[in-house]
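Asker: From the sequence below, what's the structure:
(2 chains)
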Amino acid sequence: AQSVTQPDIHITVSEGASLELRCNYSYGATPYLFWYVQSPGQGLQLLLKYFSGDTLVQGIKGFEAEFKRSQSSFNLRKPSVHWSDAAEYFCAVGPYNFNKFYFGSGTKLNVKP
Amino acid sequence: GAGVSQSPSNKVTEKGKDVELRCDPISGHTALYWYRQSLGQGLEFLIYFQGNSAPDKSGLPSDRFSAERTGGSVSTLTIQRTQQEDSAVYLCASTRPNTGELFFGEGSRLTVL
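Answerer: Take a look at the predicted model:
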């Protein structure tokens, strides 16, 4: 069965510290992987996506993610967190024809001053 | 407008009443999705429309839920005889072909009393 697991419900980091949000997926075919961010009062916005090729992908707002097929993981990272990064982050997986996306339950990020 | 528009933004209804939620996708986006986001849960896929093809209704939780998309543009999600467990945020997203990037509306928050 297709599923996405985000093991961390809440994470708190200090401003300027590094960040890694975990995502593991279970998918029966070649996965297309995504990270979305949901800021308070706003719709979800795409941060980055992985389809093929280089397993380290860069996204907006200084985020990057690394696809590790052997670990079925697609973790999101940022070297230095800003207060404006406080939001909820969702990992998603979908098929090549994008007819259905499976989302994780989200990780809520708090940033301490 | 430039983004996905959903209405109403908030809806409070009594158990047993019918509700309609509307989604106006981005012009030119051929694919449209409905998702449900319950408190503390990830996004649950409901239904997918692509062009003139038959919709993928595999995520609709019961026959009380239905959706249509008129003229390949505006979509309406209808919930009949609402139950308290239907309380959630209903999200609509649209996308251009073959990009995989979902553009989400801000959602319709449904509360069933």
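
Asker: Nearest residue to the middle of the chain?
Answerer: Reading this off chain A. A:Trp35 (3.5 Å; C-alpha atoms, centre = their mean).

Asker: actually chain B
Answerer: Short answer for chain B (C-alpha atoms, centre = their mean): B:Trp34, at 3.4 Å.

Asker: May I ask you to confirm that that one belongs to a strand?
Answerer: Yes. B:Trp34 forms part of a strand when assessed by DSSP: H, G, I helix; E, B strand; the rest coil.

Asker: Chain A versus that one, what's the distance?
Answerer: Distance from B:Trp34 to chain A, counting by C-beta to the nearest C-beta, to the nearest Å: 11 Å. In short, each C-beta sits where N, CA and C put it, glycine included.

Asker: Contacts only, for that residue.
Answerer: By C-beta atoms under 8 Å, 6 or more residues apart in numbering or on different chains, the contact set of B:Trp34 is B:Cys23, B:Leu46, B:Ile47, B:Tyr48, B:Ala67, B:Ser75, B:Leu77, B:Tyr90, B:Leu91, B:Cys92.

Asker: Which members of these additionally contact chain A?
Answerer: Filtering the contacts of B:Trp34 for neighbours of chain A using C-beta under 8 Å from any C-beta of the partner chain leaves B:Tyr48, B:Leu91.

Asker: Give me every residue in chain B lying close to chain A.
Answerer: B:3-4, B:31, B:33, B:35, B:40-43, B:45, B:48, B:50, B:56, B:58-59, B:91, B:93, B:95, B:98-107.

Asker: quick one on the thing from earlier: partner residues bridging the residue nearest to the centre of chain B?
Answerer: In this entry, B:Trp34 is beta-bridged to B:Ile47, B:Cys92, by DSSP bridges.

Asker: how about the strands in chain A?
Answerer: Per DSSP state E, chain A carries strands over the ranges A:3-5, A:10-14, A:19-21, A:24-26, A:32-38, A:45-50, A:56-58, A:64-68, A:73-78, A:87-94, A:102-103, A:107-112.

Asker: ok, now chain B?
Answerer: B:5-7, B:10-13, B:19-24, B:31-37, B:43-50, B:65-69, B:75-79, B:88-95, B:103-104, B:108-112.

Asker: right, so of those strands, which gets closest to A:Lys108?
Answerer: strand B:31-37 (13.2 Å; C-beta to C-beta).

Asker: Convert the closest one to PDB, retaining C-alpha atoms only.
Answerer: The C-alpha coordinates for strand B:31-37 follow below in PDB (Å, rounded to 0.1, in the frame of the first residue of the first chain):
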ATOM      1  CA  ALA B  31      -6.400  18.700 -13.500                       C
ATOM      2  CA  LEU B  32      -8.300  19.300 -10.300                       C
ATOM      3  CA  TYR B  33      -8.100  17.500  -7.000                       C
ATOM      4  CA  TRP B  34     -10.100  17.600  -3.800                       C
ATOM      5  CA  TYR B  35      -8.400  16.600  -0.500                       C
ATOM      6  CA  ARG B  36      -9.700  16.600   3.100                       C
ATOM      7  CA  GLN B  37      -7.500  17.700   6.000                       C
END
